[in-house]
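Peer 1: What follows is a predicted structure for the sequence shown.
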Amino acid sequence: MDVPPTAAARAAALRCEIAAHDYAYYVLAAPTVPDAEYDRLFRELQALEAEYPALQTPDSPTRRVGGAPRSDLPAVRHAVPMLSIRTETDAGPGGATAFDLRVRRELKLAADDPPVEYNAELKFDGIAMSLRYEAGVLARAATRGDGEVGEDVTPNVRTIRAIPLRLLGAAPAVLEVRGEVFMRRDEFERLNERQRAEGGKVFVNPRNATAGFVRQLDPRVTAMRPLSFFAYGVGEVAGWVLPGSQSELLDALAAWGLPVSAERAVVRGADGLLAFHARVAGRRDALPFDIDGVVYKVDSIALQERLGFVTREPRWACAHKFPAQEELTTVEGIEVQVGRTGKLTPVARLAPVFVGGVTVSNATLHNEDFVRSLDLRIGDRVTVRRAGDVIPQIVAVQSHARSADVTPFAMPLHCPACGSRVLRDEAEKDHRCTGGLFCPAQRKQALLHFAGRRAMDIEGLGDKLVDALVEQSLVHTPADLFKLGLGTLANLPRMAGKSAANLLAALDKARSTTLARFIYALGIRHVGESTARDLARHFASLDALLAADEAELQAVPDVGPVVAQSVARFCAEPHNREVIAQLRAAGVSWTEGEALRPTAAAGPAAGRTFVLTGTLPTLTRERAAEMIVAAGGKVSAAVSKKTDYVVAGTEAGGKLDRAQALGVAVIDEAALRRLLETATSPDN
């Protein structure tokens with residue numbers, strides 16, 4: 001068949017492009033495109049070569065497994081080639097069904113023959129590794145390379161604590177273990193946090209970081225990186241008769257002390273494969289490491305031998321991928337959003353792209369420093385990553401492809417919603433609007449916080465009603481709530497006369513509160529319930545708090561420089577002072593100097609810190625907190641080594657677990673009451 005010139009040109013271009021991507025990934029450990037884009041290019045070349053066999057060349061990427069080894073690392077020829085396996089990109093039933101049908105056809109099974117048994121495993125997203133053990137001792141570790149020749153990375157791999165230097169028990173004379181080196185997500189995040197703090201390179205994903213560390217020329221660098229390993233097969237073996245199945249082989253590797261993933265199962269037929277695929281897909285984001293699919297292997301070793309190989313892959317195995325979590329797209333713009341606490345967050349507007357199972361058109365950029373670390377500009381081609389319900393993120397920028405006239409991004413000097421000054425928080429690297437209660441972007445969430453049960457406790461003021469009040473410009477600040485009339489409320493959607501009257505009654509009741517509740521209701525950044533109580537107890541009056549400078553604020557117990565600065569800035573903002581004045585003019589009041597003072601200078605709970613969790617039998621958390629404070633104690637939101645007691649009710653969660661892990665005393669409501677009623681000193 002004659003090959004059209006356009007097809008020949010396209011095939012040549014694809015070979016060059018794929019070779020360049022292979023070199024970047026396998027040799028430089030710096031991938032230039034997401035997996036999904038690479039797979040598309042590879043499949044396009046496969047299709048062209050299938051249609052026009054004359055296009056196949058000895059150096060075609062479709063005729064070999066991977067890339068060439070680095071010249072600066074010793075070469076290792078694999079006694080048994082490290083082949084790749086066929087990939088099924090259909091994330092639905094088609095992938096598993098097609099593989100099962102191929103296997104049954106190759107084995108010449110009839111429709112009424114029993115289902116084939118498969119060992120279903122995870123497809124780890126790391127770097128393939130061959131570990132050679134001689135008489136049970138690790139002798140050599142090599143990368144996949146091009147499948148025939150890899151790189152000797154033994155000194156680096158010896159630093160990976162998950163890999164045993166000596167196998168347990170009686171081991172074969174020679175055992176080549178095939179598996180995957182990878183990095184856990186939590187370790188990857190901690191690594192990037194350290195890199196950002198030290199001004200170092202921020203890695204795109206765990207696999208990219210793993211590839212670079214495994215192939216470091218200095219093993220001391222690898223030793224500092226938290227790498228892990230899972231075994232999934234064998235290469236050359238001497239002095240051991242292979243077991244009868246893949247599942248038994250993995251059990252044997254685990255018995256020798258090699259890490260083997262527990263996320264595997266022996267299943268029957270296409271239905272079993274699909275059930276495993278669905279089960280793992282549902283748990284994918286809960287796993288502590290990245291996977292991009294599952295792997296199906298005919299479980300019987302005898303059947304594997306009957307099926308054999310075709311060119312570059314075994315007939316008895318395939319990978320069934322999940323939807324791609326990384327894709328290429330274009331940044332069409334960068335907008336700045338304002339949150340409830342005034343934090344400004346840049347958001348990238350993207351050309352819509354299907355990634356991670358959904359169409360993505362926005363990606364968070366966190367803060368100005370994050371944008372600068374990416375060197376991101378409008379118009380750039382970028383790699384977008386989305387895993388499960390995680391907010392889409394830009395993880396890499398193709399800066400080499402940008403035009404010369406683009407300019408760097410900079411945060412605005414004034415809030416895009418209210419025009420107030422924007423200040424940079426150097427400690428947290430964030431920019432924040434100083435508009436506070438005046439800022440419309442913060443308004444809805446500020447109103448909901450103000451009306452919350454632990455703040456002003458305005459019953460009946462929920463999300464829908466706040467939305468309506470703000471959207472119809474009836475409420476601009478919390479003070480406007482107390483100016484609402486029956487007629488105005490009754491005319492709102494889903495509101496009637498009775499509902500309006502109930503809300504007005506709740507507003508009237510809320511006028512009488514405590515100083516601590518009022519301070520907390522203002523929504524000052526870093527000021528939770530406990531800090532609000534401390535401020536109220538220390539200053540005893542709102543005017544004293546408003547007049548305090550940062551030094552005076554730091555005299556309050558447990559108030560440090562960050563909280564003091566936040567309170568001082570809030571109180572100094574004219575918009576906030578005006579809203580507070582309007583609230584007081586509307587009749588919001590409290591008894592100053594008494595509400596939260598302990599009944600005795602050294603009450604039964606003096607010097608002790610409590611954490612409340614779960615549902616108590618008769619006390620609300622608010623009432624329990626008030627009792628503790630009245631007895632001289634302190635209520636904290638988080639469990640730490642400084643916590644004296646965790647008061648646990650039913651359905652207690654993570655706080656109870658942390659208390660038990662730290663050895664903090666856990667008591668119930670009855671024990672709390674007894675403690676608060678006694679005169680026991682803190683030392684008992």
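Peer 2: That came in fine, so what should we check first? Numbers count the residues shown, from 1 in each chain.
Peer 1: Strands along the stretch 251-400 of the chain, start to end?
Peer 2: Here the stretch 251-400 of the chain has its strands, by DSSP state E, counting those that start in this stretch, at 265-268, 291-298, 309-310, 313-314, 317-321, 326-338, 343-355, 358-364, 381-385, 393-397.
Peer 1: For the fourth one, which strands pair with it and how are they oriented?
Peer 2: Pointing back at strand 313-314 there. strand 309-310 (antiparallel) (DSSP bridges).
Peer 1: repeat for the fifth one
Peer 2: For strand 317-321, the paired strands and their directions (DSSP bridges) read strand 86-88 (parallel), strand 291-298 (antiparallel).
Peer 1: sorry, back to before: dump the strands of the stretch 251-400 of the chain to a markdown table, plus mean neighbour count, distance to residue 652 and mean pLDDT.
Peer 2: The way it works is simple: take the backbone N, C-alpha and C, and place the C-beta from them, glycine included. A markdown table is the format used below for the strands of the stretch 251-400 of the chain (neighbours: other CB atoms under 10 Å; distance: least, CB to CB, whole Å; pLDDT from 0 to 100):
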| stretch | mean neighbour count | distance to residue 652 | mean pLDDT |
| --- | --- | --- | --- |
| strand 265-268 | 17 | 34 | 97 |
| strand 291-298 | 24 | 33 | 94 |
| strand 309-310 | 12 | 56 | 85 |
| strand 313-314 | 16 | 51 | 90 |
| strand 317-321 | 24 | 41 | 92 |
| strand 326-338 | 18 | 35 | 91 |
| strand 343-355 | 18 | 31 | 92 |
| strand 358-364 | 15 | 33 | 89 |
| strand 381-385 | 23 | 35 | 89 |
| strand 393-397 | 20 | 34 | 86 |
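Peer 1: quick one, which of those strands is nearest to residue 537?
Peer 2: Closest to residue 537 of these, according to CB to CB: strand 343-355, at 28.9 Å.
Peer 1: same for that closest one, what does it pack against?
Peer 2: strand 326-338, strand 358-364, strand 381-385, strand 430-433 (3 or more CB pairs under 8 Å, 6 or more residues apart in numbering; DSSP states H and E).
Peer 1: any idea how far that strand is from the chain center?
Peer 2: 17 Å (CA atoms, centre = their mean, to the nearest Å).
Peer 1: Let me know the angle separating it from strand 393-397.
Peer 2: If you take axes from the mean of the first three to the mean of the last three CA atoms, to 10 degrees, strand 343-355 sits at 80 degrees to strand 393-397.
Peer 1: re the thing from before, distance to residue 129 added to the strands of the stretch 251-400 of the chain, as a markdown table?
Peer 2: A markdown table is the format used below for the strands of the stretch 251-400 of the chain (distance: least, CB to CB, whole Å):
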| stretch | distance to residue 129 |
| --- | --- |
| strand 265-268 | 24 |
| strand 291-298 | 16 |
| strand 309-310 | 21 |
| strand 313-314 | 18 |
| strand 317-321 | 17 |
| strand 326-338 | 23 |
| strand 343-355 | 28 |
| strand 358-364 | 33 |
| strand 381-385 | 24 |
| strand 393-397 | 24 |
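Peer 1: With respect to residue 146, which of those lies nearest?
Peer 2: Comparison of the strands of the stretch 251-400 of the chain against residue 146 by CB to CB identifies strand 313-314 as nearest, at 14.4 Å.
Peer 1: Contacts only, for residue 133.
Peer 2: Counting by CB atoms under 8 Å, 6 or more residues apart in numbering, residue 133 touches 139, 167, 171-172, 174-177.
Peer 1: So for stretch 656-667, mean pLDDT?
Peer 2: The average pLDDT within stretch 656-667 is 87.
Peer 1: Enumerate the positions of that stretch that are buried.
Peer 2: 656, 658-659, 664, 666-667 (16 or more other CB atoms under 10 Å).
Peer 1: List the contacts of it.
Peer 2: Here stretch 656-667 makes contact (CB under 8 Å, 6+ apart) with 611, 613-614, 639-641, 643-648, 675.
Peer 1: how far does that stretch sit from the chain's center?
Peer 2: 26 Å.
Peer 1: SS state for the residue nearest to residue 261 when sequence neighbours are not counted?
Peer 2: Excluding its sequence neighbours, the residue lying closest to residue 261 (CB to CB, 6 or more residues apart in numbering) is residue 230, at 4.9 Å. Recorded secondary structure, residue 230: strand (DSSP: H, G, I helix; E, B strand; the rest coil).
Peer 1: Right, I'll call it a day here.
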